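1. Only the shape, not the letters, is given here:
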Ligand code: DC
């Protein structure tokens, strides 16, 4: 049986960093599922067709990390057919041996409801916007506004909204260093292995 770790949470909460560290520590595969939605948004044209025809090259574009790509991803992510087109790939990925870490918004609630470990990684909007601003620069107030706008859309959409699964362990990274957050997450997995 493969060991699936589901990590959900809002933008810039630290999910990606924690996921990569856990995957490296436990020898698990890692999928940043936000990248799938970013690639669909960046591809342009009909989002459903884009999701159905996604290629490894689409995922390798170097402009997928921008704020604009994040906003585009959040907009196509409200479309149920887009989400449906990406579900099978994510579920297959999750069954890899010896284990897989998937991070996103709906991994513990929809994609892998039976995951062995579910984490909900969050932080205050101000802290997350500051972290994002350190990465991308520009106007700090604008970065905060975009973080809040994206949270709002991701949390209130009808299909697979962002929320902690009932059995998720919540890690608030607002006042934690990266190392402290990784140590907490590692401890949760060790207890379940
Ligand atoms: O994690 P990220 O910032 O790369 O995600 C970009 C957007 O993609 C996010 O605002 C909402 C969407 N997304 C989603 O709806 N479901 C996921 N599992 C991952 C991302």
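-> Received the coordinates, thanks. Worth saying up front: this structure is predicted, and the values here are computed from it rather than measured. Numbers count the residues shown, from 1 in each chain.

2. Can you read off the pLDDT for the residue in the chain sticking out farthest from the centre?
-> Using CA atoms, centre = their mean, the residue of the chain lying farthest from its centre is residue 139. It sits 24.2 Å away. Here the pLDDT value assigned to residue 139 is 97.

3. Kindly report the same for the one 3 residues further on.
-> Among the per-residue scores, residue 142 holds a pLDDT of 96.

4. so what's it up against?
-> Listed by CB atoms under 8 Å, 6 or more residues apart in numbering, residue 142 has no contact partners. (C-beta placed from N, C-alpha, C; glycine too.)

5. Could you report the separation of it from residue 111?
-> To residue 111, residue 142 is 31 Å away according to CB to CB, to the nearest Å.

6. Helices along this protein, start to end?
-> Along the chain, the stretches classed as helices by DSSP state H are 15-26, 34-43, 47-52, 56-59, 67-76, 80-94, 125-136, 140-156, 178-192.

7. Just name the most buried of the ones you listed.
-> Burial of the helices of the chain is given as mean neighbour count (mean count of other CB atoms under 10 Å); helix 34-43 ranks first at a mean of 23.

8. Tell me how far that helix lies from the chain's centre.
-> Computed by CA atoms, centre = their mean, to the nearest Å, the chain-centroid distance of helix 34-43 equals 12 Å.

9. contact partners of that helix?
-> So helix 34-43 is contacted by 47, 50-51, 54, 58-59, 61, 63-65, 69-77, 82, 86, 89-90, 103-105 (CB under 8 Å, 6+ apart).

10. near the ligand, which of those show up?
-> 70, 73, 74, 77, 104, 105 (CB under 6 Å from any ligand atom).

11. quick one: which two of these are the most distant?
-> 70 and 104 (12.9 Å; CB to CB).

12. Distance of the residue nearest to residue 61 when sequence neighbours are not counted relative to the ligand?
-> Leaving aside its sequence neighbours, residue 61 sits nearest to residue 42 (CB to CB, 6 or more residues apart in numbering; 6.0 Å). Plainly put, residue 42 is 11 Å away from the ligand if you go by CB to the nearest ligand atom, to the nearest Å.

13. just residue 185 next, same as before
-> For residue 185, the distance to the ligand - CB to the nearest ligand atom - is 17 Å.

14. Kindly report the same for residue 88.
-> Residue 88 is 14 Å from the ligand, by CB to the nearest ligand atom.

15. Sweet, I'm off.
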